[in-house]
Structure formats: structure tokens, C-alpha cells
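Peer 1: just a sequence and a predicted model for now, questions to come.
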Amino acid sequence: MAIVGGASTDWGVRPATWTELAQEVGEALFRAVPALRGEDVDSLFLGAAMPERFAFQSHVAPLAAEQMGLRPTRLLQRTELACASGQSAIRSAYAAIASGLSDVAVAVGVEKMNLPSIPEANTAMACVLDRAWDGPGGITAPSFFAMVAQRHMLEHGTTPEQLAAVSEKNHRFANSNPHAQFYRKTFSREKLLGLPVVAPPLRVGDCASMTDGAAAVVLVADELVRRYPGPVAWVRGTSQYSDFHNLANAGSLTEWPGLKHTAREALRQARVEVGDLDLAELHDCFTISEIVEYESIGLCDPGEGGRWAADGASELGGALPVNTRGGLLGCGHPLGATGISQALEVYEQFASKVPSSRQVPDPTWALVHNLSGSANVHSVMVYERGEAA
Amino acid sequence: MSAPGPRRPRPRLEVPASAPRSRPDEAAAAGLPFLLDFLPREGEAETRLARFFARLREGRLSTSRCPRDGTLSWPPRTVCPRCHQGELSWVDLPETGRLYAFSAVLAGAPLGMEADVPFSVGLVDLDGVPLRIFGRVVGRPWSELHVGDAVAVEPYVTDDGRAFYRFRTPPGARAHAAPATPC
């Protein structure tokens, strides 16, 4: 099956509610995919990490369907996997189509994260981790990934300048993405290194933001792909790995064997090697995450991720362009929508629908990765460019 | 793996006489709605791990151990994750450990912790057992902490009478030489 199109709302601190974002992405989807008819959509999968906290609303899948003007008849459900909720929606759509239950499925992600009470929003985010045992000490996502960065610096000599290189790259790419939270905002490495510290050694520019936004893609069964003109993104591999939840069971902070395993498995399914990839969307919730991901996926040797980034290997024209969309750092990170937006970037790269300043020349293979929580779960999908007709 | 050896007696923690203990409305006592409160349920009527909290009140950090296969778990459990049986025993954990990693929350603190900012957090390798557990680190400020620093396990009672644990750095003492971290 293949992704045949998709759309995104603008992301950022939006003067819009959760339900309004769902309406907005529905409008954008039907505009972007003219061949899509509402009555053809038999299934809807909604990536939404914590609407109970951020929008005080449960039972959100039918709400999203109503807002988008859809009436699913086969499978309607919400997928929740924290930061990977969006990719979970796509993987569920994939499973539904692969089983024969669904022919045309929409995977949509909606998240409203900016609340009047910032500490309440921080509390919601902290509950992604082990609330009862790691929560009382005051764990936050930045302080956890700060410890990853500290260990990486200690073990491998990674520097704040190398972290800033990742952030500068992704913010620069976001300048080609009008939907991005940090569209038309420039961040030099010097500026990034002068921003306030959130959790040492991580500064503001090392951390993805709290973001309101939505995105949607359409997945269709093989025999229906020809109804949608233009290039498509075939799903060729999908894999996942979960190995702990409480931080006590994390093992090494700087090696993510779960990602190594799941990337290898998804590539094996697609029958390609990491060297065959033309672009990758990697989960840069923090600068250090992208660095450890380079290493875990096998783009560079363990410990070399910081140098790999600073040397430009993940730039357009480098060994493998990473996060041409702008990443979580540049686009923001509306939890349930992020994985959908990453897949949309792959589709739009394949279909040459992105601005030339971030277009990868003739891409054929792409990998998308999401981590969730404390990098305790890794989800990976591999796509191949194809023609519908 | 074996349980830690005999322990020296430790004074019981001072608990305010008026403090509510393990009542369903304990979160409300902390001034937070129940669903925005981090601390685990600790009363006999609420959790099968009530003994953990009772031991914390005696100044002892403990956890569960499976007598069948020896698995020592953190956090404490009611069923062994390896052999899946539910007859576990309690063991006391060491009172000391070393910082494996740490950071500090300088911004973005959850509700109820805003007044604590800046505060330090860390992962601590407990001495003599294969457990690395997370917690608040009190004592020296974060800028004076180093990976490898010795810390003491410190059970404590919150203002509203609930028990938890944290780590405390001995003032000025660095028992272990470790390379300084860049932060």
C-alpha cells in the first residue's frame, strides 16, 4: 500500500482549539488530495497523545471524524504512543489495509499543547515518563535527555557546538517550510549557544517546543493506488521495539539498541541497506537525540554522531539529508501530528512538492523514525518512491 | 544476587503528628487536584506496595526481590517480570550510591515544583546492587556536582505527610575522582 497524499496545518502557538485544528487539517487534506472523496475513506486513525490533559477531551477519534467530515465504517480509533502517536496511526492504517479490512484509510494527528497554564502542560508532558516513581523527583523530558547528552559528552567528547550544529541545520530547513513553528526565524550556532539553559547541558535551542498543530496522510490499498495521480510513497518496511519504561531499566543512555534493532528490521523488510537511503526523518526532540540516532541507525560509528553532524553529513548534499522538513526542532512537536508530518515530508519529497531549497534530488528510499518517552520505544518505517499508474 | 547485609539502626523519620497519612484525599492536602499529583498511592487500601512506604517511614529504602530467580526490581513490583510469579520478598537497598548522570531543571518544572527551581535530578548507581535509580538530588547545587559523586539515599516525608526518597550529596566531599563533565 502507499501514501498518496496528505496535508498539514500551520504549526506553532495557534489561536485555535483542538477541534478547530481537526477541521483545518480536514480542509487542507481535501484541498491537497483532490482525488480523495470523503465517502471513500472507510477508516480513520487518529494520533493524539494527551487530549485529556491538553484539551480535556476523551473519545477523540469520533470527534476528529466529525470535524473532518468523515464517517468511517471499518475501523475508527485513536492511537496513543506519546511522541510516536502519529506514526502509530500510520502503522495501524497499514495493518488495517494489510489485513484487508480497510481500502482507504486516513491517518491524522492532532495535538493542542499550548495552555494558559504552562506548569500544567509541563505536568502533562512529565506523565509520559513513569509518573509515580520518576515523577516525584521532578523528571522532565529536557532533564532526561540532558543526562543522555552529559553521558555522550563524557564518553565520546561530544560538544555543545556539535549539538548546536544539529539545531542550526534543522532550524535552517524549517525556513523552507511555511507550516513550521520557526518558519522565517534564523538561529546561528552562536545565537543557539547563547540561549538560556533549560536543563544543563541543553539550552532552549536544543529542545523541541510545545506546539499546536495537525497533519494528515491518506493510505490506500495497492489496487486503488492508480486512482491517485502522481508519485506515491510505498510502505516497504515497518518495525517497532519497546524495551523498558522506568528509567532504572534504561541501561546505557548513549546506546539505543532498540533503535538499532528496529531500523535494521525495517530495512530488512524493505530489502535495502542504510546506504541505499536518500533521506531520513529522525526524531530530533532534542539535538542529542538526532546524534544518537545517526549512530544507532548505523550512519556513523558509535560516538561519532556529533562530528558527523558538524561535518555536514546530514545536510542536503551530504551522506544522508536528515530532517529536511525542519525536524521537531524547527517545526515544533505537536506529539500526535509529528509522525504524520514526517511521512508527509517523505511523500512530498518523492512527489517533488517541496521548495527547491530543501528538495533531495531524485529520492527513491526514505526512512522515518520516532522515539517515544525516554527513547524506550522506537518506531521505524521505510518508504519507496513509486508511480501510481 | 543477594540482599544487602545487616543494617545499622536508623532513627525513625519525624512525621508531623497532624499530617494525614495515606488517605484518598492526600493529593488534595498537597494543594493539587488528584490527577495532577505525582506521588504514588501509598496506603494499605490503595496499593499492594504499602509496605514499601511503611519501610520508607522507618528510614529504609527497599524493593522487591523474587525468591525463585533472584530478580531484584526497581520500582518494587508485585509480580516478577522474569518468571511471572507473584510471591516476592522485600529487601533493603544500600544507603549509598554514585551519580551516573545528572542534570537540573532550570525551567519547565511541573505543577507543584515551580518553587523548587532550580533543582537537580540524577540517575544513581546504588552501591553493591545492580540498580540505577532516578531521583531528586539535594545538597550541593548542580553546578558543583560531578558524575561519580557519592550520594546518600535519603527517605523523607513531604509537608503533607507522605513518604518518598531522594539523594543527598555530602557537603563538599568528593569521595570518588571522576572526570569533570562539560556541564
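Peer 2: Structure's in. What do you need?

Peer 1: which ones are touching the residue lying closest to residue A:10 once chain neighbours are set aside?
Peer 2: Computed as CB to CB, 6 or more residues apart in numbering or on different chains, the closest residue to residue A:10 that is not its neighbour in sequence is residue A:179, at 5.2 Å. C-beta here means a position set from N, CA and C on the backbone, and glycine is covered the same way. Residue A:179 sits next to A:8, A:9, A:10, A:11, A:213, A:331, A:341 when contact means CB atoms under 8 Å, 6 or more residues apart in numbering or on different chains.

Peer 1: tell me the secondary structure at residue B:90.
Peer 2: Following DSSP: H, G, I helix; E, B strand; the rest coil, residue B:90 is assigned to strand.

Peer 1: that one reaches residue B:51, doesn't it?
Peer 2: Yes. With contact defined as CB atoms under 8 Å, residue B:90 counts as touching residue B:51 (6.1 Å).

Peer 1: circling back to that earlier point, so which of the contacts of residue A:179 sit within helices?
Peer 2: Among these, the members found in helices (DSSP state H) are A:331, A:341.

Peer 1: would you turn the contacts of residue A:179 into a markdown table with neighbour count and distance to residue B:105?
Peer 2: A markdown table is the format used below for those (neighbours: other CB atoms under 10 Å in any protein chain shown; distance: CB to CB, whole Å):
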| residue | neighbour count | distance to residue B:105 |
| --- | --- | --- |
| A:8 | 28 | 32 |
| A:9 | 27 | 31 |
| A:10 | 17 | 31 |
| A:11 | 31 | 26 |
| A:213 | 32 | 26 |
| A:331 | 34 | 25 |
| A:341 | 31 | 29 |
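
Peer 1: what about the contacts of residue A:179, which are in strands?
Peer 2: Judged by DSSP state E, the contacts of residue A:179 include A:8, A:213 as members of strands.

Peer 1: so who does the residue positioned nearest the centre of chain B touch?
Peer 2: Against the mean C-alpha coordinate of chain B, by CA atoms, centre = their mean, the closest residue is residue B:165 at 3.2 Å. Listed by CB under 8 Å, 6+ apart, the contact set of residue B:165 reads B:56, B:61, B:135, B:153, B:154, B:155, B:156.

Peer 1: next: residue B:53.
Peer 2: B:22, B:42, B:43, B:47, B:162, B:163.

Peer 1: what does residue B:133 give?
Peer 2: Counted by CB under 8 Å, 6+ apart, residue B:133 has contacts A:247, A:248, B:74, B:123, B:124, B:126.

Peer 1: if we use 7 Å, what do you get?
Peer 2: Residue B:133 sits next to A:248, B:74, B:124, B:126 when contact means CB atoms under 7 Å, 6 or more residues apart in numbering or on different chains.

Peer 1: report the secondary structure state of the first one.
Peer 2: Read it as residue A:248. helix.

Peer 1: go on, the second one?
Peer 2: For residue B:74, the assignment made with three-state DSSP gives coil.

Peer 1: which residue packs closest to it, ignoring adjacent ones?
Peer 2: Nearest to residue B:74 is residue A:248, by CB to CB, 6+ apart, at 4.1 Å.

Peer 1: which bits of chain A sit near chain B?
Peer 2: A:119-120, A:122-123, A:126, A:131-140, A:142-143, A:146-147, A:150-151, A:153-154, A:197-201, A:246-248, A:253 (CB under 7 Å from any CB of the partner chain).

Peer 1: among these, which are in helices?
Peer 2: Those of those lying in helices (DSSP H): A:119-120, A:122-123, A:126, A:142-143, A:146-147, A:150-151, A:153-154.

Peer 1: what's near enough to touch the closest residue to residue A:72 other than its chain neighbours?
Peer 2: Excluding the flanking residues, the one nearest residue A:72 by CB to CB, 6+ apart is residue A:44, at 4.5 Å. Residue A:44 makes contacts with A:61, A:64, A:65, A:70, A:72, A:76, A:106, A:108, as judged by CB under 7 Å, 6+ apart.

Peer 1: 10 Å instead?
Peer 2: Residue A:44 sits next to A:61-62, A:64-65, A:68, A:70-72, A:74-78, A:89, A:93, A:102, A:105-108, A:216 when contact means CB atoms under 10 Å, 6 or more residues apart in numbering or on different chains.

Peer 1: which among these count as buried?
Peer 2: A:61-62, A:64-65, A:68, A:70, A:72, A:75-76, A:78, A:89, A:93, A:102, A:105-108, A:216 (16 or more other CB atoms under 10 Å in any protein chain shown).

Peer 1: the residues you listed in strands, which ones?
Peer 2: Among the buried ones among the contacts of residue A:44, the members falling in strands (DSSP E) are A:75, A:76, A:78, A:105, A:106, A:107, A:108, A:216.

Peer 1: pLDDT at the fourth one, what is it?
Peer 2: So that's residue A:105. Turning to residue A:105, the model gives it a pLDDT of 98.
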